[in-house]
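Engineer: Predicted model and sequence below, questions to follow.
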Amino acid sequence: MIRKIIEMSHVAGEGHIPSALSVLDILWVLYDKVLDITPANIHKTERDHFILSKGHASLALYVILAEKGFIGSSALKDFAKKKSILGGHPDRTKVAAVEASTGSLGHGFPMAVGQAMAMKIRALPHRVFVIIGDGECNEGTVWESVKLAAHHQLSNLRCIVDNNHSSDRALKLGELGMKFESFGWHVILVDGHDQEKIRKALCTKNNGRPIAIIAETIKGKGVKKMENNPEWHHKSPTAEEFADIMNQLK
């Protein structure tokens with residue numbers, strides 16, 4: 001899937017590759033091991049729900065949706081092209097498996113809180129999962145949502161923070177886990193690239209509190225020249241760079 005992400009970005013001349021690679025393991029575990037979401041039940045409300053709040057990591061979401069049969073694999077080759085269903089940010093009006101149009105940071109998390117509240121009111125047993133980025137935590141709506149979810153004891157809500165330390169170059173966030181705990185959340189720290197530990201964290205039950213999973217990740221994981229290299233934040237590989245990366249991934 002790493003190769004497909006690189007290829008899609010190269011062909012389109014578009015995409016946030018490192019951000020996609022930092023959440024790839026998390027997304028795979030969600031769709032392969034955790035979420036009660038299938039192509040057969042995607043149009044139903046009585047199931048788990050997932051929002052990729054850091055919508056610029058869409059490349060990773062798209063390759064997994066294709067792998068799991070939510071979209072045709074042929075759609076991947078049209079990523080970011082005119083009239084494509086797969087834009088640089090996810091669009092819920094074009095892909096049924098995309099539950100919220102995201103990209104403006106700080107917007108997806110509040111929607112996840114709203115979904116979790118609605119499900120609690122209806123006494124539905126399902127869960128809501130949302131992925132946000134550490135840079136996204138600079139947005140005030142994140143902390144308003146954290147407070148609201150704790151106040152309403154949304155134990156059906158799981159917020160995964162892709163802590164790839166993007167924000168360190170701008171505004172240092174300190175200990176994110178302590179911040180969530182101070183609002184009343186149950187916090188789990190996990191290696192965001194250890195799939196079994198991710199699975200266990202995502203399946204954790206609690207005593208009536210929302211759960212925050214702080215996933216320590218590497219931005220650009222799997223491609224050495226991209227790992228923790230801000231030059232690649234929003235950059236598509238040239239033909240020469242593409243060939244070099246593909247050779248390294250063999």
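Structural biologist: Yep, that arrived.
Engineer: Quick one: residues contacting the nearest residue to residue 46 once chain neighbours are set aside.
Structural biologist: Counting by CB to CB, 6 or more residues apart in numbering, residue 124 is the residue found nearest to residue 46 once chain neighbours are left out, at 5.9 Å. Every residue, glycine included, has its C-beta placed from N, CA and C. Applying CB atoms under 8 Å, 6 or more residues apart in numbering to residue 124 gives the contacts 45, 46, 156.
Engineer: which of these has the most neighbours?
Structural biologist: residue 156 (21 neighbours; other CB atoms under 10 Å).
Engineer: Any figure for the gap between it and residue 86?
Structural biologist: 29 Å (CB to CB, to the nearest Å).
Engineer: can you list the contacts of residue 124 in JSON lines and add secondary structure and distance to residue 216?
Structural biologist: Below are these laid out as JSON lines (DSSP: H, G, I helix; E, B strand; the rest coil; distance: CB to CB, whole Å):
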{"residue": "45", "secondary structure": "coil", "distance to residue 216": "34"}
{"residue": "46", "secondary structure": "coil", "distance to residue 216": "34"}
{"residue": "156", "secondary structure": "coil", "distance to residue 216": "25"}
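Engineer: My guess is residue 1 contacts residue 62. True?
Structural biologist: No. Taking contacts as CB atoms under 8 Å, residue 1 lies outside contact range of residue 62: 10.0 Å.
Engineer: which of the two has more neighbours?
Structural biologist: The neighbour count for residue 1 versus residue 62, taken as other CB under 10 Å, is higher for residue 62 (27 against 17).
Engineer: Whichever strand or helix holds that one packs against which elements?
Structural biologist: Using DSSP states H and E, residue 62 falls within helix 58-67. Counting contacts by 3 or more CB pairs under 8 Å, 6 or more residues apart in numbering; DSSP states H and E, helix 58-67 is packed against helix 2-12, helix 17-29.
Engineer: So what's the model's average confidence on the last one?
Structural biologist: Read that as helix 17-29. Helix 17-29 comes out with an average pLDDT of 98.
Engineer: Touching whichever helix or strand comes after it from outside, list them.
Structural biologist: Using DSSP H and E, the helix or strand that follows helix 17-29 in sequence is strand 49-52. Residues outside strand 49-52 that contact it (CB under 8 Å, 6+ apart) are 23, 27, 30, 35, 37, 58, 61, 90, 98-100, 102, 108-109, 111-112, 115, 119, 126-131.
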